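# need a structure here:
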Amino acid sequence: MFKKTVFILSASLMMCLPLFAQEKTPGVRAKLLLEGGLEFGGDELLQVFFTNGEDQVMRAGQGGFLSVGGQLDFPKIKHLMLRGGIGWKYNTTAADDANIRFTRLPMYLMPFYKINENFRLGAGITTHQAVRFKGDGFVPDADMESNLGARVEFGYKWVALTYTSIKYTLPNSEVLSGSSVGLVLSFTIPGS
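This next block holds a predicted model:
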């Protein structure tokens, strides 16, 4: 599943590369897409108790992420836009003496309806690969599998709100919700 998903997303994004040289033609326009954001939510992975009496809950959907991808604009269909990307999502605890972390590689492909030049609404598919929880010797490590999930985004210029619906399966077949809501900043090169 991982190889097939990577192939589909890579093929979609690779189609963008030859299009940079064709900007003078009225065809499809391709742009490099850079994104970063924070997401919150999902089932509880771990609760950490600190010596000062405070605690922290790690959730399967939370974390900060960075991604790179592509955006296709279709001048002949001015309300349509397609975005896809692959990134790295990371979550850790505030403990000074432990490096407990949860990492994954989110990939997505999403068509958008451009309401106008500033607002967009998109819905597409996503999957997370290399889903790994590292307990740093305090709790057991776990590698998880992701299902094919859904992602929805409502954006204004370079900022957007997102919702991702996805599940992770542990080696013992337990299923966790990695669903999240998030705030994303995105930039394209060339701009607008």
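
# hey, where'd the helices end up in this protein?
2-14 (DSSP state H).

# is the residue positioned nearest the centre of it in a bridge, and if so with what?
What sits nearest the mean C-alpha location of the chain, by Cα atoms, centre = their mean, is residue 106, with 4.4 Å. Applying DSSP bridges to residue 106 gives these bridge partners: residue 128.

# Name all residues that make contact with it.
65, 67, 86, 87, 89, 126, 127, 128, 164 (Cβ atoms under 8 Å, 6 or more residues apart in numbering). C-betas here are computed from N, CA, C, even on glycine.

# make it 6 Å
For residue 106, the contact set (Cβ atoms under 6 Å, 6 or more residues apart in numbering) comprises 87, 89, 128.

# before we move on, what about residue 100?
Contacts of residue 100 (Cβ under 6 Å, 6+ apart): 93, 135, 136.

# Selection in PyMOL covering whichever of the residues you listed are buried, please.
Burial among the contacts of residue 100 is assessed by 16 or more other Cβ atoms under 10 Å; the matching PyMOL selection reads:
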select buried, resi 93+135
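
# now the contacts of residue 100 in JSON lines, with distance to residue 54 and pLDDT?
Compiled in JSON lines, the contacts of residue 100 are given as follows (distance: Cβ to Cβ, whole Å; pLDDT from 0 to 100):
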{"residue": "93", "distance to residue 54": "11", "pLDDT": "86"}
{"residue": "135", "distance to residue 54": "20", "pLDDT": "88"}
{"residue": "136", "distance to residue 54": "19", "pLDDT": "88"}
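
# could the contacts of residue 100 go into a markdown table alongside distance to residue 175?
Putting these into a markdown table (distance: Cβ to Cβ, whole Å) gives the following:
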| residue | distance to residue 175 |
| --- | --- |
| 93 | 23 |
| 135 | 20 |
| 136 | 24 |
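
# what's near enough to touch the closest residue to residue 89 other than its chain neighbours?
Leaving aside its sequence neighbours, residue 89 sits nearest to residue 65 (Cβ to Cβ, 6 or more residues apart in numbering; 4.0 Å). By Cβ under 6 Å, 6+ apart, residue 65 lies in contact with 37, 87, 89.

# Quick check: bridge partners of residue 65?
residue 37, residue 89.

# And the pLDDT at it?
Turning to residue 65, the model gives it a pLDDT of 97.

# cool, residue 94 as well?
pLDDT, residue 94: 79.
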